[in-house]
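>>> Sequence and predicted structure are below.
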Amino acid sequence: MPPFILPRLLLVILLVVSSASTSLLAAEKADDYLPPWNPPPPGGVSFAVPPVNAIADLHGDIIDPQLVVFFAGNQFMVVHDLMVAFKQAHPQYQRVFVETLPPGIEAKQIETGSLVMGNLRITLKPDVYTAGKGAIAELQQQHGWFAETYDYARNPLAIMVAKGNPKHIKSLADLGRPDVRVAMPNPKWEGIGKQIIASYRKAGGEALERAIMETKVADGSTYLTYMHHRQSPLRVLQGQSDAAPVWSTEPYFQQQILRHPVETVPIPPEQNTIATYTAARLKDAPHEQAAWDFFAFMKSPAAQAVYKKYGFQPPRSGESP
């Protein structure tokens, strides 16, 4: 072997090992961000194996619950603290089941009577259902499901980007750039999608809407999510998308609570859309007294303190019944 071959061979081996180690570390780092992001229930055998076996949006006791609540999914971060506070205020309720799926999916679950997720079939009916104010009003008009409603929080839109904002995104208009990969909630089943599109029109008219929702969807640089409150942050964290229009509480939770490497790009008020969240007590609530007690709890300072902790704004005075 010529004398210069051995050093070159060693260099190649070192580069291959270094590259493999870097890829492995990157994969392990990406896995660090996988949900579920809530504290698990205590006790029992823990067997969550993300991403192949992790049920992130079903919470609590599915067998013989004393209270069932379907929350709009983007409030998943609130559920743990909220239910701890509720159980402290009402210790007679210790078995509580909560869903934090997209509210459109939960509405179909109420309508059809069941939800199928993987090999699991759930036939529980909610005592309380929460969604955007407009969606609640539309469902009430269509089905007359609700006995009482209450507005309990608000939330403006923001843009989530990776730490350092590597694509220098400053506004919604930048999401129309060909080099910016966007994670966008699908407006077919996620209410936030329609509200983001309304903000696209405010920021850049129909031209910006067509660029992001037609041209970029066709070429793959806009990705339509199935569950934005899980997929959008994960895609930004794992480098699959450069920007994600989301409710402002989602980058707040990832950045301020979980300390994940994301940043918030604010959207100015004249281009923003603010959601009002409404809780609805169902007329045929299976656990009538628990529904009354939880509905009253949602109006309490204790519940408002939990929502404030996670960055939600209080309802406007006069909006609530």
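Yes, it's here.

>>> Okay, helices next: where are they in the stretch 151-300 of the chain?
Across the stretch 151-300 of the chain, reading from the start of the chain, the helices by DSSP state H, counting those that start in this stretch fall at 191-210, 216-219, 228-237, 249-252, 288-298.

>>> Low-confidence stretches in this structure?
Across the chain, the stretches falling below the confidence threshold (pLDDT under 70) are 1-31, 52, 317-321.

>>> ok, so what distance separates Phe76 from Ala173?
When distance is defined by CB to CB, to the nearest Å, Phe76 is 30 Å away from Ala173. Yep, even glycine has a C-beta here, placed from its N, CA and C like the rest.

>>> a markdown table for the helices of the stretch 151-300 of the chain, including distance to Leu120?
A markdown table is the format used below for the helices of the stretch 151-300 of the chain (distance: least, CB to CB, whole Å):
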| stretch | distance to Leu120 |
| --- | --- |
| helix 191-210 | 25 |
| helix 216-219 | 31 |
| helix 228-237 | 17 |
| helix 249-252 | 26 |
| helix 288-298 | 23 |
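
>>> Export those helices as TSV, with columns for mean neighbour count.
As requested, these are arranged in TSV below (neighbours: other CB atoms under 10 Å):
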stretch	mean neighbour count
helix 191-210	18
helix 216-219	14
helix 228-237	25
helix 249-252	24
helix 288-298	19
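
>>> I'd like to know which of those is closest to Val45.
For the helices of the stretch 151-300 of the chain, the distance to Val45 is smallest for helix 228-237, at 24.2 Å, taking CB to CB.

>>> Can you give the domain ranges for the protein?
For the chain, whose domains are defined here by the TED database, the residue ranges read 58-154+275-310, 156-271.

>>> Just give the nearest non-adjacent residue to Thr249, would you?
With CB to CB, 6 or more residues apart in numbering as the measure, Gly311 is the residue that lies nearest to Thr249, at 4.4 Å, once sequence neighbours are left out.

>>> show me what contacts the one you found?
Contacts were defined as CB atoms under 8 Å, 6 or more residues apart in numbering; by that measure Gly311 touches Ser248, Thr249, Tyr252, Phe253, Gln256.

>>> Compare the helices of the stretch 151-300 of the chain and report which one is nearest to Asp32.
Counting by CB to CB, Asp32 lies closest to helix 228-237 out of the helices of the stretch 151-300 of the chain; the figure is 8.7 Å.
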